[in-house]
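Undergrad: sequence first, then the predicted structure:
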Amino acid sequence: MSRRTLTEGAQRAIDAARRLAAEMRHAEALPVHLLWALLNEESRAFDILNRCGVTLEMLRAPQPLDEASATEAGGTEPGSAAPAPGSTVPTDTAPNDASDDDLADLTRAFLSALEGSASSDVASENTPAYSHPANSHRLNPELLRIEAAHGELRDVLQAAQQHVMKAKLEHEVTSEHLLQALLSVPSSARELLSARGLTLESLREFSAQETPPDPVRVDFAIDWERDIPEHRTAAYRILDASANRAREGLRVVEDYVRFTLDDAHLSRLLKTSRHRLTALLQMLDADRLIAARDTQADVGTTIHTASEMSRQSPLDVARASLKRVQEAARTLEEYSKVVAPAAEPDSDAAALPEQFGRLRYDLYTLEKAILQTSRSQRDLADCQVYLLLTTDLCRLDVESVLQAAMQAGVRIVQVREKQMADRELIAHGRRLRELTRAAGVRLIFNDRPDLAVLCEADGVHVGQEELTVRDVRRVVGPDMLIGVSTHSLEQARQAVLDGAGYIGVGPVFSSKTKSFSSGELVGLDLIRAVADEIALPWFAIGGIDSARIEQVRDAGARRIAVSSAICGADQPGPAAAGLVRVLQER
């Protein structure tokens with residue numbers, strides 16, 4: 001039987017029985033040892049035995065033995081009671097009041113079994129029948145590991161397990177199950193208990209008639225501030241360490257976004273998060289945080305792994321710090337629950353756990369935006385000119401225009417066909433997919449995530465009126481690139497947080513492909529504003545051609561999206577090459 005099938009009380013009783021057998025130099029633990037162990041510690045079995053009149057005092061004071069019996073039982077003085085194993089018999093203990101000769105004989109037989117079952121190959125004539133627990137450390141350690149692999153105690157344990165299985169609702173062997181087993185397996189212990197009127201049937205009746213005691217009325221509440229100060233000290237120590245970890249981690253990430261990505265938008269959001277964290281921490285008692293700090297005794301200051309001591313790039317540093325900040329925010333959220341009860345119920349401090357939780361969720365969004373920006377900068381580094389390939393605008397056949405543009409340096413192409421039926425569009429998209437894949441050029445579908453999946457495209461582009469980034473992601477999965485058209489700085493900022501892989505910014509000028517009112521044209525001002533804030537790759541779009549590209553470039557655009565400037569050219573290859581060259585000059 002494994003320890004997992006025993007309650008702690010039952011395991012202690014079995015361990016005590018085995019220690020008793022070892023101290024008495026017995027070859028194995030027996031039911032008599034287990035009965036003695038059950039009478040030595042308060043438990044459910046102890047309570048039942050005492051209520052039925054079976055106590056240690058009863059066993060310590062049996063009917064007087066004659067001199068011959070006493071000598072055989074344990075070598076005690078004639079007429080004296082046998083001593084309790086591992087204890088001293090009180091000198092003022094009165095004899096048992098029982099006058100029944102059979103009962104006295106059973107008690108003497110029990111004690112004789114307890115005293116006289118020592119193995120002859122373990123004990124010698126110079127070895128005492130048992131040792132007091134205070135001297136148990138002098139015993140051979142092997143004797144202390146006696147297991148009931150054989151003998152009657154094994155049968156008792158098996159019987160206890162069977163009682164548990166019959167109970168159905170219970171899963172562990174308790175001390176009461178051990179007592180039931182003692183009453184089930186033949187032994188001197190069972191005979192003694194039976195003579196005292198305790199049988200398996202009477203135990204069941206006893207348990208059925210017993211009513212649980214009334215619950216104790218609790219008329220006090222724990223004052224965490226007064227009654228358990230060590231809990232609050234530990235909580236403040238954890239909060240202090242986590243607060244420092246979160247502040248430091250946010251600064252590390254902010255430095256990466258500021259100096260590596262050059263992203264003013266995300267830098268501002270990170271700075272705002274730092275200020276939010278500071279404001280939340282001010283709701284905690286600063287004096288208690290400092291008083292609870294114990295850096296010299298912090299075992300974690302000397303624990304390091306090889307991986308955390310090595311970083312391959314600034315991005316690796318930022319990624320690790322993002323995780324560290326999130327972990328610290330979770331710790332702040334959880335352990336602030338310990339100190340929050342000290343605050344007024346409706347106060348800001350009482351809402352600290354929830355506020356830390358909100359900060360943590362916002363950090364998840366920032367992590368996504370930061371890592372997506374880093375990934376897109378890497379993946380789209382060679383994409384300066386984005387061709388919006390439209391059949392109706394091409395003077396040459398569409399495949400010839402595509403081939404010429406790719407040879408001229410165009411590395412990303414969008415299938416933009418508003419008039420084609422779905423079957424025709426998917427066949428068209430699959431032909432373009434073959435050509436772009438062979439050239440190592442990215443293929444994007446306009447507005448149609450379903451067709452992008454069917455054509456195995458690299459991404460999808462949507463406008464403000466089409467599907468959201470979230471909905472597109474559910475259709476295309478985690479790998480495809482998602483582009484979003486934006487017409488204001490706020491839309492551009494939101495697209496970054498939504499997880500867009502790139503954004504389009506415009507319309508800058510009027511276009512041949514789509515008519516706009518003067519109010520819809522964003523002009524160069526939006527180009528400048530986005531250039532100042534957004535590091536996620538973005539493409540200026542709308543009416544850009546060889547005559548206007550320098551204006552757009554000088555306003556801060558590093559990438560452009562065009563259609564007529566290449567599709568409508570007599571020589572699409574040179575037209576595309578000229579646009580690429582102008583963007584690379586700066």
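TA: Cool, got the structure.
Undergrad: report the contact partners of residue 199.
TA: 183, 193 (Cβ atoms under 8 Å, 6 or more residues apart in numbering). C-beta coordinates here come from the backbone N, C-alpha and C atoms, glycine included.
Undergrad: so it versus residue 17, what's the distance?
TA: Counting by Cβ to Cβ, to the nearest Å, the gap from residue 199 to residue 17 is 22 Å.
Undergrad: for residue 197, what are its contacts?
TA: 52, 53.
Undergrad: try the one 3 residues further on
TA: With contacts defined as Cβ under 8 Å, 6+ apart, the neighbours of residue 200 are 180, 183, 184.
Undergrad: next one: residue 492
TA: 486, 503, 505, 530, 533, 534, 538.
Undergrad: quick one: least confident helix or strand in this protein?
TA: The helix or strand with the lowest mean pLDDT-type score in the chain, counting by mean pLDDT, DSSP states H and E, is helix 67-73 (a mean of 36).
Undergrad: and for residue 183, the neighbour number?
TA: Residue 183 has 22 neighbours, counted by other Cβ atoms under 10 Å.
Undergrad: quick one: the closest residue to it other than its chain neighbours and residue 360, what's the gap?
TA: By the measure of Cβ to Cβ, 6 or more residues apart in numbering, the closest residue to residue 183 outside its immediate chain neighbours is residue 200, 4.3 Å from it. Residue 200 is 58 Å from residue 360, where distance means Cβ to Cβ.
Undergrad: do residue 435 as well
TA: Distance, residue 435 to residue 360, using Cβ to Cβ: 46 Å.
Undergrad: ditto for residue 292
TA: For residue 292 relative to residue 360 (Cβ to Cβ), the value is 22 Å.
Undergrad: quick one: residue 161 from residue 45, how far?
TA: 16 Å.
Undergrad: same check, this time on residue 198
TA: 11 Å.
Undergrad: and for residue 235?
TA: Taking Cβ to Cβ, one finds residue 235 at 40 Å from residue 45.
Undergrad: with residue 505 instead?
TA: 80 Å.
Undergrad: and for residue 381?
TA: 76 Å.
Undergrad: who's more crowded, the two?
TA: Neighbour count, other Cβ under 10 Å: between residue 381 and residue 45, residue 45 has more, with 26 against 10.
Undergrad: how about the strands in the stretch 351-500 of the chain?
TA: 385-389, 412-415, 442-446, 459-462, 481-486 (DSSP state E, counting those that start in this stretch).
Undergrad: among these, which comes closest to residue 6?
TA: strand 481-486 (57.9 Å; Cβ to Cβ).
Undergrad: just name whatever secondary elements that closest one is in contact with.
TA: strand 442-446, strand 459-462, helix 469-476, helix 489-498, strand 502-505 (3 or more Cβ pairs under 8 Å, 6 or more residues apart in numbering; DSSP states H and E).
Undergrad: which of those sits closest to residue 270?
TA: Of the helices and strands packed on strand 481-486, nearest to residue 270 by Cβ to Cβ is helix 489-498, at 12.5 Å.
Undergrad: buried stuff in the closest one?
TA: 489, 491, 492, 493, 494, 495, 496, 497, 498 (16 or more other Cβ atoms under 10 Å).
Undergrad: any chance of TSV for the strands of the stretch 351-500 of the chain, columns mean neighbour count and distance to residue 320?
TA: Shown next, in TSV, are those (neighbours: other Cβ atoms under 10 Å; distance: least, Cβ to Cβ, whole Å):
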stretch	mean neighbour count	distance to residue 320
strand 385-389	26	34
strand 412-415	26	31
strand 442-446	24	30
strand 459-462	26	29
strand 481-486	25	26
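Undergrad: now for residue 467: which residues touch it?
TA: Counting by Cβ under 8 Å, 6+ apart, residue 467 touches 449, 475.
Undergrad: how close does it sit to residue 385?
TA: Using Cβ to Cβ, residue 467 is found at 26 Å from residue 385.
Undergrad: sketch out the low-pLDDT regions of the stretch 51-200 of the chain for me.
TA: 59-152, 167-171 (pLDDT under 70).
Undergrad: where does the stretch 301-450 of the chain dip in pLDDT?
TA: 304, 306-308, 341-349.
Undergrad: which stretches of it form helices?
TA: 314-339, 352-379, 398-407, 422-439, 449-454 (DSSP state H, counting those that start in this stretch).
Undergrad: residue 331: which of the buried residues of helix 489-498 is nearest?
TA: Nearest member of the buried residues of helix 489-498 to residue 331, counting by Cβ to Cβ, is residue 497, at 25.1 Å.
Undergrad: how does the chain divide into domains?
TA: 3-209, 229-376, 381-585 (automatic domain parsing).
Undergrad: which of the ones you listed is buried the deepest?
TA: domain 381-585 (a mean of 19; mean count of other Cβ atoms under 10 Å).
Undergrad: coming back round to it: I'd like the contacts of residue 492 written out as TSV, with distance to residue 246 and pLDDT added.
TA: Shown next, in TSV, are those (distance: Cβ to Cβ, whole Å; pLDDT from 0 to 100):
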residue	distance to residue 246	pLDDT
486	32	97
503	30	98
505	34	98
530	31	98
533	25	97
534	26	98
538	31	98
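Undergrad: could I get the residues you listed as TSV with distance to residue 449?
TA: Converted to TSV, the contacts of residue 492 look like this (distance: Cβ to Cβ, whole Å):
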residue	distance to residue 449
486	19
503	17
505	22
530	25
533	28
534	24
538	21
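Undergrad: from the residues you listed, pick the one nearest residue 24.
TA: Checking these one by one against residue 24 (Cβ to Cβ), the nearest turns out to be residue 534, at 83.4 Å.
Undergrad: surely that closest one meets residue 267?
TA: No - using Cβ atoms under 8 Å, residue 534 is not in contact with residue 267; the gap is 11.3 Å.
Undergrad: give me the distance between residue 350 and residue 339.
TA: From residue 350 to residue 339 the distance is 10 Å (Cβ to Cβ).
Undergrad: so how far does stretch 553-563 reach from one end to the other?
TA: 17 Å (Cα to Cα, to the nearest Å).
Undergrad: quick one: contacts of it?
TA: Taking Cβ under 8 Å, 6+ apart as the rule, stretch 553-563 contacts 380, 383-390, 393, 414, 416, 504-506, 511-513, 524, 527-528, 530-532, 537-541, 544-545, 549, 552, 579, 582-583, 585-586.
Undergrad: now do stretch 527-538
TA: 257, 261-266, 369, 372-373, 376-377, 380, 383, 486, 489, 492-493, 495-496, 500-505, 508, 540, 552, 555-557, 559.
Undergrad: may I have the secondary structure class of residue 539?
TA: strand (DSSP: H, G, I helix; E, B strand; the rest coil).
Undergrad: specify the beta-bridge partners of it.
TA: On the basis of DSSP bridges, residue 539 is bridged to residue 504.
Undergrad: hmm, residue 504 and it touching each other?
TA: Yes - counting by Cβ under 8 Å, residue 539 does reach residue 504; the two are 5.2 Å apart.
Undergrad: helices of the stretch 151-300 of the chain, start to end?
TA: 152-167, 175-182, 188-195, 200-209, 229-256, 264-281, 286-292.
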